[in-house]
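In: Provided below are the primary sequence and the corresponding predicted coordinates.
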Amino acid sequence: MKPEDKQVLYLILLEIFVWASIIALLFLFNLVLIPWGLNATGLEKIRIDLIRFSIAGLSLVIWLGSWYYLMKLILRAGLKNRQPT
Amino acid sequence: MDTQILIYSIGLGLISFILVFILLPQWISFANKKGLVGRDVHKPDQPIVAEMGGVVGIAVFIFILGLSLLFIDDLQVKKEIWALILGVLIAYLVGIWDDWKTLSAIQKPLLLIFAAVPVFLLHTYYPKPIFPLIGETRMTIIYMFLLPFVVAVPANAVNMLDVLNGSMLGSAIIITLGIIASAFIIPSNYINQEILVLVSFILLGVLLAMYYYNRYPAKVFNGDTGSLGVGAVFGLLAVIGRLEFIILIALIPHITNSFSILSSIKGLKERRQIPRPVSVKDGKIIASDSESAPITLVRLLTAAKPLTEKSIVIRIWILTFTSTLLAIISALIIRWSL
């Protein structure tokens, strides 16, 4: 495969990663986080909601971080195997 | 879906196409006469090209959308169309201001927040977004906090990818087709199918005619007027049409581009403060190897080998096609999970 086509392939894989990780997170949330403490009330509900939002926030940070890291990797891989004009 | 609405939508889309196709050449000669021109820096001879083609395209879009009010009796649908017209109009005016006087990197997204105000005031939002696997959710409070960004984020993301001839319009055409497909996949009682189909066909007509004049080698640039307007339509359509997740996925290349630029330059900065991500040599675009240069989609695509403008644009379309395909798969999962 030509190096310039490899860059497109890496970016397509990055898009699939971004999409698949959202779907996987939605799957996990649907399976665990959303049903958890559904009937809780008062302080117990606030505690569960706080844990729920912390997990969601942490997943978002990890997800954004890995997205950026992968983009940097794609750039480095391209520049490393740079072809002349 | 009501066949009459579908026929009206296709008809209005055709009228939009014809109007933009006829009026844009008039704008090109007017802009050339008045000096509303810019240099196409990605060509070896750097030709002079007319600017602000979006002035015609988005004006026609707003006019035709206004015309559609004549065929609609439902008060709620009329309110939704008014929210769209006013929202796009605000983005359009911000775009004209930016093309005319150049807004700062902070002013532009801040001003675009106002484009979401009509949606809020006319109460044409539904804080129950639909997600694959989960289905309909209730986000009454979070949705209110996200509302100011519904135009600012997609409008800026689309604007940041309008860097090469036909790149923004080609990808916007692919996304619009994806929106139409998704509007027919998801059951109509969960989304605002009428609005989605009507607005998408009008937008498609405008985009196709604009693309004819903006394709390589461009006779006119869209300007911020065009790209902010198109991005605003996507953002408002996501909220009013209840297709938030689908449009977000279809916009992955645009969001990737703006997210990587903002992360690599660490925030909103003026264009002249940051090194150029690419340069042009012998008619080919070369990625900068400077550590401080922003990571843009074009830089990522040209990192391994310098490419011609045309081949980069085709690669951007391939990426948009992939994300739109993922958006359609998401629509199928939503249909299955409802």
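Out: Great, that's in hand.

In: residues contacting the one residue in chain A that gets nearest to chain B?
Out: Chain B sits closest to A:G78 of chain A, with a gap of 2.6 Å, by CB to the nearest CB. C-beta here means a position set from N, CA and C on the backbone, and glycine is covered the same way. Counting by CB atoms under 8 Å, 6 or more residues apart in numbering or on different chains, A:G78 touches A:3, A:6-7, B:287, B:300, B:302-304.

In: is it in a helix, a strand, or coil?
Out: helix (DSSP: H, G, I helix; E, B strand; the rest coil).

In: skipping adjacent residues, who's closest to it in space?
Out: B:A303 (2.6 Å; CB to CB, 6 or more residues apart in numbering or on different chains).

In: ok, that neighbour - contacts?
Out: Counting by CB under 8 Å, 6+ apart, B:A303 has contacts A:7, A:74-75, A:77-79, A:82, B:287.

In: mark which of those residues are buried, thanks.
Out: Neighbour counting by 16 or more other CB atoms under 10 Å in any protein chain shown classes A:7, A:74-75, A:77-79, B:287 among the contacts of B:A303 as buried.

In: burial of B:G87, as a residue count?
Out: 29 (other CB atoms under 10 Å in any protein chain shown).

In: go through whichever helix or strand it is part of and flag the buried ones.
Out: Assigned by DSSP states H and E, B:G87 belongs to helix B:75-101. Residues of helix B:75-101 classed as buried: B:77, B:79-99 (neighbour count, 16+ other CB under 10 Å).

In: mind giving me the packing neighbours of the helix or strand just after that helix?
Out: Downstream of helix B:75-101, the first helix or strand assigned by DSSP H and E is helix B:107-112. Using 3 or more CB pairs under 8 Å, 6 or more residues apart in numbering or on different chains; DSSP states H and E, the elements in contact with helix B:107-112 are helix B:75-101, helix B:149-160, helix B:223-240.

In: would TSV of these with distance to B:R39 and mean pLDDT be doable?
Out: Converted to TSV, the helices and strands packed on helix B:107-112 look like this (distance: least, CB to CB, whole Å; pLDDT from 0 to 100):
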stretch	distance to B:R39	mean pLDDT
helix B:75-101	15	94
helix B:149-160	19	93
helix B:223-240	14	96
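
In: would you turn these into TSV with distance to B:I186?
Out: TSV is the format used below for the helices and strands packed on helix B:107-112 (distance: least, CB to CB, whole Å):
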stretch	distance to B:I186
helix B:75-101	17
helix B:149-160	19
helix B:223-240	13
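
In: select, out of those, the one closest to chain A.
Out: Of the helices and strands packed on helix B:107-112, nearest to chain A by CB to the nearest CB is helix B:149-160, at 13.9 Å.

In: tell me what angle that closest one forms with helix B:75-101.
Out: Orientation check (axes from the mean of the first three to the mean of the last three CA atoms, to 10 degrees): helix B:149-160 against helix B:75-101 gives 40 degrees.

In: want to throw the helices and strands packed on helix B:107-112 into TSV with distance to chain A?
Out: As requested, the helices and strands packed on helix B:107-112 are exported to TSV (distance: least, CB to the nearest CB, whole Å):
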stretch	distance to chain A
helix B:75-101	26
helix B:149-160	14
helix B:223-240	15
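
In: centre-most residue in chain A?
Out: A:W63 (3.2 Å; CA atoms, centre = their mean).

In: give me phi/psi at it?
Out: Backbone torsions of A:W63, given as degrees, to the nearest 10, read phi -60, psi -50.

In: give me the low-pLDDT residue ranges for the chain?
Out: If you meant another chain, say so; for now it's chain A. Along chain A, the parts satisfying pLDDT under 70 run over A:83-85.

In: let me rephrase: I mean chain B.
Out: For chain B, the stretches with pLDDT under 70 are B:1, B:269-272.

In: return the nearest residue of it with respect to chain A.
Out: In chain B, the residue that lies nearest chain A is B:A303 (2.6 Å; CB to the nearest CB).

In: need phi/psi at that residue.
Out: Dihedral angles (degrees, to the nearest 10) for B:A303: phi -60, psi -40.

In: OK, contacts around B:P47?
Out: B:39-40, B:217.

In: most neighbours among the residues you listed, which one is it?
Out: Among the contacts of B:P47, B:D40 has the most neighbours (other CB under 10 Å), with 18 neighbours.

In: residue 71: neighbour count?
Out: Assuming you mean chain A. Count around A:M71 with other CB under 10 Å applied: 22.

In: ah, I was thinking of chain B
Out: Count around B:F71 with other CB under 10 Å applied: 13.

In: thought it was touching B:Y8?
Out: Yes. B:F71 lies in contact with B:Y8 (CB atoms under 8 Å); the separation is 5.4 Å.

In: what residues does chain B put near chain A?
Out: In this structure, chain B approaches chain A at residues B:131-134, B:249, B:252-253, B:256, B:259-260, B:263, B:281-282, B:284, B:286-287, B:289, B:295, B:297, B:299-307, B:311, B:315, B:318-319, B:322-323, B:326, B:330, B:333, judged by CB under 8 Å from any CB of the partner chain.

In: no further questions, thank you.
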